[in-house]
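Enquirer: kindly return the folded structure for what I paste below:
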Amino acid sequence: MAHAATNKWYVHWDGNICVQDCLEGTEETLYGLAGLSCGGLSKTNDLMYATLEECCSEQLPWIFSDTCENESLPPPAGVRGTSRWYVSYKKNKCVQDCAAKDSPSCGGIIEGSYESFFPNPYLCCEDKLKWIDANECTTNSLHEVNIVI
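Expert: Residues are numbered from 1 along each chain as shown. This is a model prediction of the structure:
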């Protein structure tokens, strides 16, 4: 009989890392330090720990604690952008703050805080590309009629 996942930590001996008692694959919806490091449901004989630090220090003491903890954590989250709009002077239109591969309206993720962001392309066009008709600029920024703003 299967047990409910506890998200507690136990050792995955094949990799000499600590993993969490949760269904494998569920971490795909969570990222970075807030995500889960799922190793599947634990076995009845696995010792369980409330924290990653306890699991590493109690079960894998021959591995430096920093190394054990870092290798046990899920990969860091990728920056996803804000999906807000900013000006691309190179393209003479407004684009969204998201990975260019995500949508035709994405212009890339802005990592600095120097850029002005807008809730929609019309306001961006009106403020940043004043020499272009705001409606025309908005149409060019959206690329296709299916993009929801």
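Enquirer: tell me which element the residue of the chain positioned farthest from its centre falls in.
Expert: Most distant residue from the mean C-alpha position of the chain: Trp131, 36.8 Å away (CA atoms, centre = their mean). Counting by DSSP states H and E, there is no helix or strand that carries Trp131.
Enquirer: ok, it to Asn140 distance?
Expert: Distance from Trp131 to Asn140, counting by CB to CB, to the nearest Å: 13 Å. Every C-beta, even on glycine, is put in place using the N, C-alpha and C of the backbone.
Enquirer: measure stretch 39-49 end to end?
Expert: For stretch 39-49, the first-to-last residue distance is 14 Å (CA to CA, to the nearest Å).
Enquirer: report the buried residues of that stretch.
Expert: Of all the residues in stretch 39-49, those buried under the rule 16 or more other CB atoms under 10 Å are 39, 41-42, 46, 49.
Enquirer: one more: stretch 138-145?
Expert: By neighbour count on 16+ other CB under 10 Å, the buried set for stretch 138-145 is 138-142.
Enquirer: assign a three-state SS to Thr44, would you?
Expert: What DSSP: H, G, I helix; E, B strand; the rest coil gives for Thr44 is coil.
Enquirer: ok, now Glu54?
Expert: helix.
Enquirer: what's the neighbour count on it?
Expert: 15 (other CB atoms under 10 Å).
Enquirer: lovely, talk soon.
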